[in-house]
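>>> got a predicted structure plus its sequence, pasted below:
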Protein chains: 2
Amino acid sequence: MSAEGEELAGWARMLADGTRATVCLALLDGRAWTATELAKLAKVSRPTISEHLNLLVAGGLLTEVRQGRHRYMKLAGPETAELIEGLAALAPRRTEVANSLSAVSKRDAFARARTCYDHLAGRLGVALADAMTERGLIDWSDGIALTPEGQAWLEDLGVQVEVRRGRPAVRSCLDVTERRPHIAGAVGAALCSHALHHGWVTHISGGRALKVNGAVQAFGLSSGV
Amino acid sequence: MSAEGEELAGWARMLADGTRATVCLALLDGRAWTATELAKLAKVSRPTISEHLNLLVAGGLLTEVRQGRHRYMKLAGPETAELIEGLAALAPRRTEVANSLSAVSKRDAFARARTCYDHLAGRLGVALADAMTERGLIDWSDGIALTPEGQAWLEDLGVQVEVRRGRPAVRSCLDVTERRPHIAGAVGAALCSHALHHGWVTHISGGRALKVNGAVQAFGLSSGV
DNA sequence: CGGACAGTTAGGCCCCGACCGAAGTAACCC
DNA sequence: GGGTTACTTCGGTCGGGGCCTAACTGTCCG
C-alpha cells in the first residue's frame, strides 16, 4: 500500500469507529462537552471514552480544555466541523425510517433550522445564503467573498464580525439536510450569534435544532423556510 | 453510540484501511484496473485484494465489469471520485518530504497539470476554472451553472458535451494540490477529453500527470500555469 | 487436450483495538 | 479531614479483520 493511501486511511480511521463518530457528530453543536457526558451519550464506560478522546485529540480533530477535574472537549476548529458535516452529508444514508410522531417532528425541526458548529444551517441557513447571493452581498466568482454591499449590510444590521487571523471571513459549508451550501466562517458565526442574541432564533431543548422566531423577517427572507 | 454515528463510521471504515485507500486513490485516474494490477500496486496477494474489492463494491464505492477471466474495477461514478479527491484534499498531510530529484520533478508535474477522474486538475484545471468564471462562462450564484455565453464558447471550441441523465453538466471539485475548485461534471469531462484528443495535453508515463502542450494558448489562459 | 493465466474459496494465523472492572489520582465541598 | 465526583491508568478479555498459502474454478490459447 502507498504512503498516501496509508495517510488517507489513518485519517479515515478516526471516524471509522461508531463511538468516535458519535462523539464528533455530537460536538457539531459547537459546545464543549465533558468526557462523562460523551460517555453517557455514546453508551460506553468512562475509561473507554477517555481513550477515544485521547485518540481524537492526537489526531487533531478535537481540542481539550482542562478545568479543575473536568475535561471539556471541542472540535478543533471550524474547518474540522465543516469537514465532518460535509462527510456526513456525502455518506449515503440508507437507514432513517424512524416514524414515531416525536421523531418526525424532531427531524422536521432539525431540517428547518439548526446550528452547524457556530453558524446557521438547515433550510434557514441555505435560504439566508441564497438571499445574500441574490442581493449581491456575496461574490462567488473566486471562491467566495463578501462584497462591499455585503459589508454595508452587516453594518446596517449591527452585526459585529469578529476578525481572527487565519479564519476566512466567509466560507461555504455543505448543508447535511439540504445538500446545498450555507454560510460559515467568521461572518456565518457572527450572523448566528447575532440572531441568537436578538431572539430571532432560539435553541429547542438543548439540541442543535432552532425555533425560528423573527429570523425570516429580520433577515428579509422569502417565506419558504 | 448513535445510529447516525454508526452509519458515518461504517462508511468511513471503507477508507480506513491502507490497502483500500490505496486502491481508491489509484482509481482516481478514471481508468479501469484489473484485480491483479491493484494487488501488485498495493503489495498484497491476489486473494487479499479480491476480498477488499468485494467490500468496496458492496459499499458502493466501486463497480466492476467482468470480461472473460478479467475483473475490471472502476470508481462507481463521478460523485464517488470527487468525494475521495475531496477527502484526500482535506486530510491534513504531515509526511511528504521525499526530496530526490526524480520525486520532486514528478510532484511538480503532478501539481502543474493532471487528470482527476475524467476532468482536468492541478494548476491548469484551477486556472481554467478561474478564466471561465472571469469571462462569465460560469455562474456561481446558485450552486454552479454554465451561462449561455459558456454554452456558446464550448460550441465555438467544438467541444461535444455528452449529456447523461443524472449527471450535472458542470460541478465544482476541490483540487488536492491547489485546495481551490476546478471544473468537473459532464463539461469538465468533455473539456478534458477534447484537450487530450487535440494533443493540448498528453499523459506522462502512464500516470495521472499531464504534459501541457498547447492547452494554455488553446484555452486562452494567462501564463501562470 | 493441456498448460498458462486470472481470480476465488477455504482455512488458519495473528495482531489490533474496543471494551470493561478495579484501583489510582486529583479536584471540589462540607 | 473525609466523602464525593471526574477522570486516568492498568491489566486483561474478546472479536474482528487483514493477511497468507494452498487448492480450486474458470477462461484463453496453441
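Yes, it's here. Numbers count the residues shown, from 1 in each chain, chains lettered A, B, ... in the order given.
>>> in chain A, what spans have low per-residue confidence?
A:1, A:90, A:92-104, A:106-107, A:141-143, A:164-167, A:174, A:179, A:205-206, A:223-224 (pLDDT under 70).
>>> which parts of it are strands?
Remark: strands assigned in chain A by DSSP state E are A:33-34, A:62-67, A:70-75, A:114-116, A:119-121, A:138-139, A:145-146, A:171-174, A:181-184, A:201-203, A:210-212.
>>> residues near the residue of chain A found nearest DNA strand C, how many?
When you check chain A against DNA strand C by Cβ to the nearest atom of the strand, the closest residue turns out to be residue A:68, at 2.4 Å. (Glycine included, C-beta is placed from N, CA and C.) By other Cβ atoms under 10 Å in any protein chain shown, the residues close to residue A:68 number 5.
>>> and if you look at residue A:140?
Using other Cβ under 10 Å, the number of residues around residue A:140 comes to 19.
>>> skip the chain neighbours and tell me the closest residue to it.
residue B:140 (3.3 Å; Cβ to Cβ, 6 or more residues apart in numbering or on different chains).
>>> surely the one you found meets residue A:145?
No - applying Cβ atoms under 8 Å, one finds residue B:140 not in contact with residue A:145, separated by 11.0 Å.
>>> could the strands of chain A go into JSON lines alongside mean neighbour count?
As requested, the strands of chain A are arranged in JSON lines below (neighbours: other Cβ atoms under 10 Å in any protein chain shown):
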{"stretch": "strand A:33-34", "mean neighbour count": "17"}
{"stretch": "strand A:62-67", "mean neighbour count": "14"}
{"stretch": "strand A:70-75", "mean neighbour count": "19"}
{"stretch": "strand A:114-116", "mean neighbour count": "25"}
{"stretch": "strand A:119-121", "mean neighbour count": "29"}
{"stretch": "strand A:138-139", "mean neighbour count": "20"}
{"stretch": "strand A:145-146", "mean neighbour count": "18"}
{"stretch": "strand A:171-174", "mean neighbour count": "21"}
{"stretch": "strand A:181-184", "mean neighbour count": "26"}
{"stretch": "strand A:201-203", "mean neighbour count": "16"}
{"stretch": "strand A:210-212", "mean neighbour count": "20"}
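>>> contacts only, for the most centrally placed residue in chain A.
With the centre of chain A defined as its mean C-alpha position, the nearest residue by Cα atoms, centre = their mean is residue A:116, 2.0 Å away. Contact partners of residue A:116, counting by Cβ atoms under 8 Å, 6 or more residues apart in numbering or on different chains, are A:28, A:81, A:85, A:125, A:173, A:175-176, A:182, A:184, A:208.
>>> are any of those buried, and which?
Of the members of the contacts of residue A:116, the ones counted as buried by neighbours, 16 or more other Cβ atoms under 10 Å in any protein chain shown, are A:28, A:81, A:85, A:125, A:173, A:175-176, A:182, A:184, A:208.
>>> out of these, which sit inside helices?
A:81, A:85, A:125 (DSSP state H).
>>> wait, the last one touches residue A:113, no?
Yes - Residue A:125 is within contact range of residue A:113, at 7.2 Å (criterion: Cβ under 8 Å).
>>> okay, now the domains of chain A?
Residue ranges for the structural domains of chain A, counted by automatic domain parsing, are given in the record as A:3-76, A:99-218.
>>> turn those domains into a markdown table, columns for distance to residue B:204.
Formatted as a markdown table, these follow (distance: least, Cβ to Cβ, whole Å):
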| stretch | distance to residue B:204 |
| --- | --- |
| domain A:3-76 | 18 |
| domain A:99-218 | 29 |
